[in-house]
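1. Sequence first, predicted model second:
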Amino acid sequence: MTHVRIHRFEKLWLGAAFVLIVAFIATIVYGSLGPGVAMVGDDGGTVNPDNPTAADNFRDPGVYQADDDSYDVYVEARQFAFSPGTSEPIRVPADTNVTFHVTSGDVTHGFELVGTNVNTMVIPGQVAQLTVNFDEARTHHIVCHEYCGPAHHAMEGSIEVVPQSEFTPPQQAAADQSEVTDT
Amino acid sequence: MTRLDDTALSRRGVLRAAAGTATAVAAGTAATGAAAAQAYDGWFSGDAKGGAVGNYDGTTVDRTGTDEVTIDVGVDANGGTYGFGPAAVRVDPGTTVSFEWVSNTHNILIDAQPDGADWGGHDPIENTGFTHTHTFDTEGVYTYYCNPHLTMGMKGAIVVGGDSGGGGGGGSDQPTVAADYGDWFTKSADGGATGNYTGDTTDKTGTDEVTVEVGADANGGTYGFGPAAVRVDPGTTVTFKWTSNTHNVLVQAQPDGADWGGHEPIENEGFTHTHTFETAGVYTYYCNPHLTMGMKGAIVVGAPPSGTTGGGGGGAAGSSVSPASTLWTAVFAGAVGVAMLVPVAVSYYRRTPAPDSSGAFDYEPGGDTDDQPAIPEADAFEPDTELGHDEYDPVGTLSIVAVYFLILVGMWAFTYFIEFLGNGPTIMG
């Protein structure tokens, strides 16, 4: 019975493996503290799935200006359309914080901006809340990536990111602002 | 706007076909005329853009003579609330048509309209309670659809003007309805083929109350409606009686003006759902959990057309499917079974020693060695030199580990910093 002796080469690659694990964890910490990558949490709250837009924490689907450089977009997903998004594109300005509040009026849907890291599940009764900063003026496509019924494959929409100088806040946002200041 | 004009849609031809349709349906709005299958140039079939329209049965509802006509947007059809009710309607020039939303998330986009017509449709998606009105002055055929549900077959048509049919053949007070289910009971329609539909429609006319079993033994389990197809008189109360668990009744298609809602909640044995069928025509329905098993049914309301008894009609298509396909299913299943057993049989054959060479596979080390030579042991291996534990350097192994390590680091950097962080935008909060 001799004690186990570890060869110095083995010590070398064991040490390297530990360094790699620490580096992986450091990457996640960096992503969250540096570029500010976040997860979709439950901060959106809950709504009545039968009539989501009537809830206090949800508004009529559309784009609303929150302050100078942040906007709220309320999206209701239904079989088989995003409202807004499908029949009319969602128009938001570039280089602003756009917070999407997405919920479903019927079954579980998905909300994914194709080719980006922006995606979430859309669950009836839950509001998925996610903030995105679009730094580039371009069109993004929205797809539903949770099977939601026979025409799931046809459920899509679009987001038009326009330069701030070309962006005109929608009427409803202005009306809503005055309403807020009155109360 | 007039994309179809220069292709096959000749306005005069369509009007002529539609006029024929109007003649056929002059007796009642719900009669299932077999004519006019080619009307609207295939707009209502799956060959046009979008899906086939389940609530278009080949008839154009005649609403000429009235100034105001209502079309419901989002009626129960096409596997959900995805229909225009009625799907095809004829009106006089100058008629104001109100489109009333009766369910959510619909819009109206125009596929084609006559030259000079100025209908804009209604592009924004609206919900229950919304109304869009338009006065149709220009004669011709207008086709339109709901964009979110186009693939489901939510399409409609309006014929303005033309021959209103003249009421020919409107004499009989009892509408006759052919038992024509199209391909509903085959697997070309939604779900599987209905095994318990034999091509015959059970005739229950003359009785006021009819019972249909929900969950009768059929289609490989308790997945049938019993009977699958039944003919009743208008005004008959049909009782759907659940005879097994986990079924519901959803309406696939029903005549214009019919108001059967089916029973969407899933119920168990003992539950009953009753509905009185007033409107003549063909009703098709199914059980959603077992649609793929072929749990589909049909109810024909009205007298059979003269000359046919009981109801052959569309049965021919259904009955021609079953015997041949059963045979082929059996042959195919047998072939698959044999193919799966072949490896087992082969391995059994190979492991069993052939009876005439009994000694050949007998391996007995150290056994009786009378007739077999002893196997010689190899010489013990003598090393030339011996190395201590730390004196040997596995350089080859180290270099392989180093290469793997570099690949890992490279993939890590690529995945996180290039693929993930580089593919903005990213969720920030």
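-> Thanks, I have it.

2. how's the chain carved up into domains?
-> Assuming you mean chain A. Structural domains annotated on chain A: A:1-37, A:52-182, as defined by automatic domain parsing.

3. ah, no, chain B please
-> Annotated domains of chain B cover B:11-160, B:202-317 [automatic domain parsing].

4. and the stretch 201-350 of chain B, which residues reach chain A?
-> Residues of the stretch 201-350 of chain B lying close to chain A by Cβ under 8 Å from any Cβ of the partner chain: none are found. C-beta coordinates here come from the backbone N, C-alpha and C atoms, glycine included.

5. ok, the residue nearest the centre of chain B to B:P265 distance?
-> In chain B, the residue lying closest to the centroid (Cα atoms, centre = their mean) is B:D190, at 2.5 Å. Taking Cβ to Cβ, to the nearest Å as the measure, B:D190 falls 20 Å from B:P265.

6. same deal with B:A216?
-> 20 Å.

7. More neighbours: those two, which one.
-> Using other Cβ atoms under 10 Å in any protein chain shown, the more surrounded residue of B:A216 and B:P265 is B:A216, with 19 against 8.

8. what about that one, which helix or strand?
-> Per DSSP states H and E, B:A216 falls inside strand B:209-218.

9. Just the buried residues of that strand, please?
-> Neighbour counts over strand B:209-218 (16 or more other Cβ atoms under 10 Å in any protein chain shown) mark B:210-216, B:218 as buried.

10. Show the subsequent helix or strand relative to the helix or strand of chain B with the lowest mean pLDDT.
-> Least confident element among the helices and strands of chain B, by mean pLDDT, DSSP states H and E: helix B:11-24 (a mean of 44). Sequence order places strand B:61-62 as the next helix or strand after helix B:11-24, per DSSP H and E.

11. That next one - contacts with which helices or strands?
-> In terms of contacts (3 or more Cβ pairs under 8 Å, 6 or more residues apart in numbering or on different chains; DSSP states H and E), strand B:61-62 is packed against strand B:88-91.

12. Parallel or antiparallel, list what pairs with the strand it packs on.
-> Neighbouring strands of strand B:88-91 in its sheet, by DSSP bridges, are strand B:61-62 (parallel), strand B:155-160 (parallel).

13. Make JSON lines from those strands and add mean pLDDT and mean neighbour count to it.
-> Shown next, in JSON lines, are the strands paired with strand B:88-91 (pLDDT from 0 to 100; neighbours: other Cβ atoms under 10 Å in any protein chain shown):
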{"stretch": "strand B:61-62", "mean pLDDT": "85", "mean neighbour count": "22"}
{"stretch": "strand B:155-160", "mean pLDDT": "91", "mean neighbour count": "27"}
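
14. Which one of the ones you listed lies nearest to B:R231?
-> Closest approach to B:R231 among the strands paired with strand B:88-91 (Cβ to Cβ): strand B:61-62, 23.0 Å.

15. Quick one: name whatever helix or strand follows that closest one.
-> Sequence-wise, the next helix or strand downstream of strand B:61-62 (DSSP H and E) is strand B:68-77.

16. A:T53 looks like it's in a helix, true?
-> Yes - assessed by DSSP: H, G, I helix; E, B strand; the rest coil, A:T53 belongs to a helix.

17. Just give me the neighbour total for the residue nearest to it when sequence neighbours are not counted.
-> Leaving aside its chain neighbours, A:T53 sits nearest to A:D60 (5.7 Å; criterion: Cβ to Cβ, 6 or more residues apart in numbering or on different chains). By the criterion of other Cβ under 10 Å, A:D60 has 12 neighbours.

18. right, and A:D60 touches A:Y74 too?
-> Yes - A:D60 is within contact range of A:Y74, at 7.0 Å (criterion: Cβ atoms under 8 Å).

19. Common neighbours of the two, please.
-> A:T53 (Cβ atoms under 8 Å, 6 or more residues apart in numbering or on different chains).

20. If you average pLDDT per helix and strand, which one of chain A comes out bottom?
-> helix A:171-182 (a mean of 45).

21. does A:R91 sit in a helix or strand, and which one?
-> Assigned by DSSP H and E, A:R91 belongs to strand A:90-93.

22. ugh, typo on my part, it should be B:T326
-> Applying DSSP H and E, one finds B:T326 within helix B:315-351.

23. helix or strand right after that helix?
-> The first helix or strand that comes after helix B:315-351 along the chain, using DSSP H and E, is helix B:395-413.

24. Mind giving me the packing neighbours of that next one?
-> When contacts are defined as 3+ Cβ pairs under 8 Å, 6+ apart, helix B:395-413 sits against helix A:8-33.

25. what about the helix it packs on, distance to the chain center?
-> 30 Å (Cα atoms, centre = their mean, to the nearest Å).

26. Which positions in it come out as buried?
-> So helix A:8-33, judged by 16+ other Cβ under 10 Å, has buried residues A:9, A:27, A:31.

27. Name the SS class of the residue nearest to the spatial centre of chain A, please.
-> By Cα atoms, centre = their mean, chain A has its centre lying nearest to A:L130, at 3.7 Å. Secondary structure, three-state DSSP: A:L130 is strand.

28. which one is it nearest to, not counting chain neighbours?
-> In space, A:L130 is closest to B:I427, 4.7 Å off (Cβ to Cβ, 6+ apart).

29. same deal with B:D183?
-> Computed as Cβ to Cβ, 6+ apart, the closest residue to B:D183 that is not its neighbour in sequence is B:A189, at 5.1 Å.
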